[in-house]
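# here is my input, please return the structure:
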Amino acid sequence: MPLTKINTSGIADDAITSAKIASGVVSASDVADGTLTTAKLEDSAITTAKINDSAVTGAKLSTPLDLSSTVITAPKIANGGFIADANGNEQIKFTTTTSAVNEFTITNSATGNAPALSVTGGDTNLDLTITPKGLGLVTFNGGGKIQHLAEKVTIAATAATGTINYDVLTQAVLYYTSNASANWTLNIRGDSSNSLNNVMDTGESITIAHLVTMTTAYYNSAVQVDGNAVTPE
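The predicted model follows:
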């Protein structure tokens, strides 16, 4: 695996060869930043040499390595490490879980088939969690196919009465199991800290369900959005 360039000064032609480099010889304390050069390192020397982690850390590579013909089996990325874009900015970031047994598998495809992002690992039944930041939403550009959908449900032994705050960031279905004790007003909002107006963008819709147990003919007499009265249509 040839290096394209590391530096152009420092080590004489016969300083590093495959015959002279043994496991552990090259280390961070021996090789200062900028001393290795591609002109001085033969391909066989790099292939034969066993360089420990400290040596790789100590050596400064001024030009990226060309790994287009290299097969990498199990590279290790530090907790919080990332794969950078062409400008050196974070593009894919990694967070370590102690004793992890589950992971993603990415599979490409031949003509006429779709590539796959799968959850794999040691557990039998695994969810896939996609978490936007803050009030951000997961956006699918294009159509979608849904084979099964589970909605978050809040079940409360509460009697409907007065003004009931429905927090769309908490659940999709709110079920009151106690008998309603009076007519009630339903106030639809994001949650106690966020308005529905901030949660939704223009041109979007949302579906909610409020289930109320009743033995007396009470009903939802008024609707509010973020504390403001609206007329359902």
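# okay, now the domains of the chain?
1-67, 76-130, 153-230 (automatic domain parsing).
# worst average pLDDT in those?
For these, the weakest mean pLDDT is recorded on domain 1-67, namely a mean of 49.
# just so I have it, where are all the strands in the chain?
For the chain, the strands defined by DSSP state E occupy 82-84, 90-93, 102-107, 116-121, 153-156, 162-167, 173-179, 184-189, 209-213, 220-225, 228-230.
# off-centre distance for the first one?
Strand 82-84 has its average C-alpha position 13 Å from the chain's average C-alpha position, going by C-alpha atoms, centre = their mean, to the nearest Å.
# what lines up beside that strand in the sheet?
strand 90-93 (antiparallel) (DSSP bridges).
# CA atoms of the strand it pairs with as CSV?
The C-alpha trace of strand 90-93 is given here as CSV (Å, rounded to 0.1, in the frame of the first residue of the first chain):
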residue,chain,number,x,y,z
GLU,A,90,-17.9,16.1,10.3
GLN,A,91,-20.1,14.0,8.0
ILE,A,92,-20.8,10.7,9.9
LYS,A,93,-20.1,10.7,13.6
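# list the buried ones in it?
Buried positions in strand 90-93, judged by neighbour count with 16 or more other C-beta atoms under 10 Å: none. C-beta here means a position set from N, CA and C on the backbone, and glycine is covered the same way.
# check the offset of that strand from the chain's centre.
Centroid separation for strand 90-93 versus its chain: 10 Å, with C-alpha atoms, centre = their mean.
# what lies in contact with it?
Residues outside strand 90-93 that contact it (C-beta atoms under 8 Å, 6 or more residues apart in numbering): 80, 81, 82, 83, 84, 85.
# how about stretch 135-148?
Here stretch 135-148 has contacts from 130, 132, 190, 194, 198, 199, using C-beta under 8 Å, 6+ apart.
# among these, name the ones in helices.
Residues of the contacts of stretch 135-148 located in helices (DSSP state H): 198, 199.
# output the contacts of stretch 135-148 in TSV, with distance to residue 166 appended to each entry.
TSV is the format used below for those (distance: C-beta to C-beta, whole Å):
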residue	distance to residue 166
130	24
132	21
190	10
194	13
198	16
199	12
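# mind putting the contacts of stretch 135-148 into a markdown table with distance to residue 179 and neighbour count?
A markdown table is the format used below for those (distance: C-beta to C-beta, whole Å; neighbours: other C-beta atoms under 10 Å):
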| residue | distance to residue 179 | neighbour count |
| --- | --- | --- |
| 130 | 39 | 5 |
| 132 | 38 | 9 |
| 190 | 29 | 18 |
| 194 | 31 | 16 |
| 198 | 34 | 12 |
| 199 | 31 | 18 |
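# ok, so of the contacts of stretch 135-148, who is nearest residue 165?
Distances from residue 165 to the contacts of stretch 135-148, taken as C-beta to C-beta, are shortest for residue 190 (10.3 Å).
# from residue 104, how far out is the closest residue to the closest one other than its chain neighbours?
Excluding the flanking residues, the one nearest residue 190 by C-beta to C-beta, 6 or more residues apart in numbering is residue 199, at 4.1 Å. Distance from residue 199 to residue 104, counting by C-beta to C-beta, to the nearest Å: 29 Å.
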